[in-house]
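Asks: Make a model of this:
(one chain, ligands or ions: 1)
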Amino acid sequence: MIAWKRVTNTLRIALKCRINLMVGYSTLKYNMTTVSDKTMGDSNNKRHLHESAPNSKPKKPKLKKYKAKKVDPTAPLGVLEFEIDELLEEHKLNRDLVQNNVSAILNDAPKLNGPMTRSYHRVVNNVRVLRNTSNGEGMALIENPVETGKKQIALIPFGLVGDVVNINVYKTHPYHVETDLLDVLEKSPIRKDELITCKYFGKCSGCQFQFLTYEKQLESKRNTIINAYRYFAPRLIAEKLVQEVGETIGSPLKLGYRTKLTPHFDVPRRKPLISRPPLGFGQKGKQKWRKDNLEIGGTGSILDIEECPIGTPAINMGMSNERQKFETNYQNYKKGATILLRENTTILDRSKGTKDQLLDDGSKNDQNEISFVETEDEEKNTKLAKTCVTNTRQIVREYVDGYTFKFSAGEFFQNNNSILPLVTKYVRENLQIPNSETDAPNYLVDAYCGSGLFSICSSKGVAKVTGVEISADSVSFAEANAKNNGVKNCNFIVGKAEKLFESIDTPNDRTSVILDPPRKGCDELFMKQLSEYYPARIVYISCNVHSQARDVQYFLKDTERGKNYKVESLRGFDFFPQTHHVESVCVISRV
Ligand SMILES: C[S@@+](CC[C@H](N)C(=O)[O-])C[C@H]1O[C@@H](n2cnc3c(N)ncnc32)[C@H](O)[C@@H]1O
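Replies: Now for the predicted structure:
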């Protein structure tokens, strides 16, 4: 027994020496394949020596392979590929010249702090930001640290085109590296740090644009739309079928507009909670550039957030109440969770006390009273009370264009009430079929109708509206909303959008269609059937302009009747000020 122990100890020492030697060798040589093969081989052999029978041959070590995840090209990582290619073209480089040896890092030993990892993951100073991605991150070219003559593409959160910065590279992908912004040495002419209103900005993953003037924010969103059509609808651009992208329409409220927030917290597995975990939003890397907020919100992956300036006052009240509650009940949680904060609006009778009119449940303060904020709708001379709902099943109310909408707090509804009257008016006007014969009725189809927002707001002046929606719950609300608002010409179908074409009976020449799909966009089957139906006009609203551009190109170029249509107008609406997100509205009409 003692003898065997001695043998294993000798082997262990010998092995340790060899690993050290290999590490030294790899640091000096910088030959990534060789280095990773050998270092990995040794660490694996160590395992074999213990596990294998004395006479069996050591197995050939298995190298870890980088497995690229399949991404939807219209999702942020897919869009990044286009942005990388464009940057390379501008700088006369090709993909080979910016490729990182990811497998060398994967097979580095020791895993987290091996020589290869240390070479790649380092601080780089004096980096000029060359452009911004549609996600708002800066893009720069830096030297490859292990292969002379090669470069790397660095993504720099909170870096602005024209900034000169210091960064820390902490994650490597085949064609880009992720970094943290450490210092801004030279400011971009568009950087206006004095505009930052939030103490968490620069750490929180929610906002990217607080240091831009609002004009610049809108301009940046217009560029995102222009680029999205260049990337995903190149044939439309080449044939000049998309002529111009209009100015982005701003949000009346630039802060305090978000009617829904979802702070969350994590609970470590199998460890009792000894203190309250941070409750808030995800931290974007580990920034150091804002020296005044380094400690604020903590350093974990979730920031502890007390207040969010883009949330409405009622939502922030709810956040404060729920945080207080969490202070005393966090130990009841075995797993992490998300807290829903959704604004609820009550129209008040001025002759009665506000508290007596709050019919629905809402987030309560430490006196066990529902917190509320009173506001005035000056246009309609109405007094409103805003409360915050936390139960996903509770019914909440919003007022848009003089209509009341009820829906389950956990279901989809647009998150910026202040911009909705502008959007619904724009949609309504663009659905109008021109040159209508005086008495001929017009019709409307609302695909992906949710709880009936666009159907109801566009129902005046048309004979019939047909809405289709996959969520049966939302359809029940759409029906109830139409009824409660005295709208009699709407009917709603539960099912996938294409189900519409089974039952549609309105004359296509007199029918306009609203499309407002989820981020992934419409599918080809739906687009084909839409083209066969051949409506007079289409207004396509989207929170992902990249999938919208793809769908619009498919519709115009690849469906049978697509050639009979043109893009009449295209522009963004700023549903989400201070963030990189943009809502895009594309109006398609017959040629
Ligand atoms: C972006 S929301 C728009 C809702 C509505 N237009 C509004 O503004 O409130 C997209 C809606 O499409 C619905 N949806 C998702 N996939 C669908 C499908 N294949 N067919 C029909 N509706 C779908 C979702 O349930 C969601 O309500």
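Asks: Pick out the residue of this protein closest to the ligand.
Replies: Nearest to the ligand, among the residues of the chain, is Gly450, at 2.7 Å (Cβ to the nearest ligand atom). C-beta coordinates here come from the backbone N, C-alpha and C atoms, glycine included.
Asks: Now do the SS call for that residue.
Replies: Classification of Gly450 using DSSP: H, G, I helix; E, B strand; the rest coil returns coil.
Asks: could you list every residue that touches it?
Replies: 407, 411-413, 469, 471, 474, 478, 516 (Cβ atoms under 8 Å, 6 or more residues apart in numbering).
Asks: hey, where'd the helices end up in the stretch 1-150 of the chain?
Replies: Here the stretch 1-150 of the chain has its helices, by DSSP state H, counting those that start in this stretch, at 2-29, 32-51, 76-90, 102-106, 115-120.
Asks: and Asp446, what are its phi and psi?
Replies: Per-residue torsions, Asp446: phi -120, psi 100 (degrees, to the nearest 10).
Asks: pLDDT score assigned to the residue nearest to the spatial centre of the chain?
Replies: The residue lying closest to the centre of the chain (Cα atoms, centre = their mean) is His581, at 7.3 Å. pLDDT for His581: 97.
Asks: Surely it forms part of a strand?
Replies: No. Counting by three-state DSSP, His581 is not found in a strand; it is coil.
Asks: ok so, going back, may I see the contacts of Gly450 arranged in a markdown table, with secondary structure and pLDDT as well?
Replies: Below are the contacts of Gly450 laid out as a markdown table (DSSP: H, G, I helix; E, B strand; the rest coil; pLDDT from 0 to 100):
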| residue | secondary structure | pLDDT |
| --- | --- | --- |
| Phe407 | strand | 96 |
| Glu411 | coil | 91 |
| Phe412 | coil | 93 |
| Phe413 | coil | 96 |
| Glu469 | strand | 95 |
| Ser471 | coil | 94 |
| Ser474 | helix | 95 |
| Ala478 | helix | 98 |
| Asp516 | coil | 97 |
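Asks: now those residues in CSV, with neighbour count?
Replies: Output for those, formatted as CSV (neighbours: other Cβ atoms under 10 Å):
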residue, neighbour count
Phe407, 24
Glu411, 17
Phe412, 17
Phe413, 23
Glu469, 27
Ser471, 17
Ser474, 24
Ala478, 30
Asp516, 22
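Asks: what subset of those is also close to the ligand?
Replies: 412-413, 469, 471, 474, 516 (Cβ under 6 Å from any ligand atom).
Asks: Between these, which sits nearest Lys386?
Replies: Nearest to Lys386 among the ones next to the ligand among the contacts of Gly450, counting by Cβ to Cβ, is Phe413 at 14.7 Å.
Asks: Check whether the closest one really touches Ser451, as I assumed.
Replies: Yes. Between Phe413 and Ser451 a contact is recorded at 6.5 Å, counting by Cβ atoms under 8 Å.
Asks: what do these two both touch?
Replies: Joint contacts of Phe413 and Ser451 (Cβ under 8 Å, 6+ apart) are 405, 407.
Asks: What is the neighbour count of Asp509?
Replies: Asp509: 13 surrounding residues under other Cβ atoms under 10 Å.
Asks: from memory it sits against Ala536, does it?
Replies: Yes. Applying Cβ under 8 Å, one finds Asp509 in contact with Ala536, separated by 5.6 Å.
Asks: What is the nearest of the contacts of Gly450 to Leu341?
Replies: Nearest to Leu341 out of the contacts of Gly450 is Phe413 (Cβ to Cβ; 13.5 Å).
Asks: before we move on, back to that, can you tell me how far the residue nearest to the centre of the chain sits from Arg519?
Replies: 10 Å (Cβ to Cβ, to the nearest Å).
Asks: Quick check: which ranges of this protein have low pLDDT?
Replies: 1-56, 435-438 (pLDDT under 70).
Asks: residues from it in reach of the ligand?
Replies: 412-414, 448-451, 453-454, 468-471, 474, 496-497, 516-518.
Asks: run the last query once more with 8 Å
Replies: Applying Cβ under 8 Å from any ligand atom, one finds that the chain approaches the ligand through 411-414, 446-454, 468-471, 474, 495-499, 514, 516-519, 523, 526, 541-543.
Asks: returning to what we had before: list just the nearest of the ones next to the ligand among the contacts of Gly450 to Glu429.
Replies: Asp516 (16.3 Å).
Asks: my read: that closest one touches Ser542, true?
Replies: Yes. Counting by Cβ under 8 Å, Ser542 is a contact partner of Asp516 at 7.3 Å.
Asks: quick one, domains of the chain?
Replies: As given by automatic domain parsing, the domain ranges for the chain are 2-51, 76-191, 229-252+417-590, 260-408.
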